[in-house]
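Asks: Have a look at this prediction, sequence included:
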Amino acid sequence: MNRAEGIANSLQAAKVGALIRARRHSLRMTLHTLGTQSGVSVGYLSQVERDQASPSLSTLASIARALGVGVDYFIATPSAQDALTRTGERMRFSVNDSLISYERLHAEFPGNVLSSFLITIAPGYRSEVANHEGEEIVYVLEGSLTLRIEDEETVVGPGDSLHFRGNRSHCWSNDADEPVRLLWSGTLTMFRSSTDGSAFQTERTPISGS
């Protein structure tokens, strides 16, 4: 199999429709605008986004250019080695030596939208009120987390989880005497390559287990 055939097979196996639609929505671009900029008809784009049509590699390249990404954004997947993180080797960090620390679980690959961390929150920590696009889910492993979403306050204990939209004003705190340890996952992008201008640009540094 030559390289072109390999790419074509990858394209055929990949479900690119949802990724194209998500990228278009993130740019607040209409189908009509994408069609004009890519030179692909709106009707065909609609079929591609619903995975009812398989675009050729050249057509996908035109769509990718209009969306400001490369073709690999739609067809690349992480290798098992890149996707695997082992305890004691994951990147850990805090911001300004604060009372909250993070251990990164997620992998980075073109088109990914999920971020995930193990988070440890020391007693007395209280976050600022935030709201943003996307979703969050919190699963408490140890301790007791006080989570306020708009005007409703909930205490989340070990084994409890809470799933909510990020555009609702929210904050959390540890009002107990013991640290809170939780699993956080969400669609808020935390890390990107340096060419994407991420808010976080860090290097993975192996550390010894705690």
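Replies: Noted; the coordinates are in hand.
Asks: Averaging pLDDT per element, find the lowest-scoring helix or strand in this structure.
Replies: helix 3-13 (a mean of 45; mean pLDDT, DSSP states H and E).
Asks: where exactly do the helices run in the chain?
Replies: Along the chain, the stretches classed as helices by DSSP state H are 3-13, 17-26, 31-38, 42-49, 57-67, 72-75, 80-83.
Asks: which of these sits most buried?
Replies: Greatest average neighbour count among the helices of the chain goes to helix 72-75 (a mean of 20), per mean count of other CB atoms under 10 Å. The way it works is simple: take the backbone N, C-alpha and C, and place the C-beta from them, glycine included.
Asks: so what does that one touch, helix or strand wise?
Replies: Helices and strands touching helix 72-75, by 3 or more CB pairs under 8 Å, 6 or more residues apart in numbering; DSSP states H and E, are helix 3-13, helix 17-26, helix 57-67.
Asks: tell me the contacts of Arg21?
Replies: Glu49 (CB atoms under 8 Å, 6 or more residues apart in numbering).
Asks: Low-confidence ranges, this structure, go.
Replies: 1-14, 76-82, 95-97, 108-112, 188-210 (pLDDT under 70).
Asks: mind giving me the domain ranges of this protein?
Replies: Domain assignment for the chain by automatic domain parsing gives 3-75, 80-196.
Asks: can you give me how far the longest one is from the chain middle?
Replies: What it means is domain 80-196. 12 Å (CA atoms, centre = their mean, to the nearest Å).
Asks: Kindly report the same for the first one.
Replies: Counting by CA atoms, centre = their mean, domain 3-75 is centred 20 Å from the centre of its parent chain.
Asks: hang on, the earlier thing: kindly present the helices of the chain as a markdown table, with separate columns for distance to Gly159.
Replies: Formatted as a markdown table, these follow (distance: least, CB to CB, whole Å):
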| stretch | distance to Gly159 |
| --- | --- |
| helix 3-13 | 38 |
| helix 17-26 | 32 |
| helix 31-38 | 44 |
| helix 42-49 | 39 |
| helix 57-67 | 41 |
| helix 72-75 | 37 |
| helix 80-83 | 27 |
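Asks: for these, which one sits closest to His170?
Replies: helix 17-26 (21.5 Å; CB to CB).
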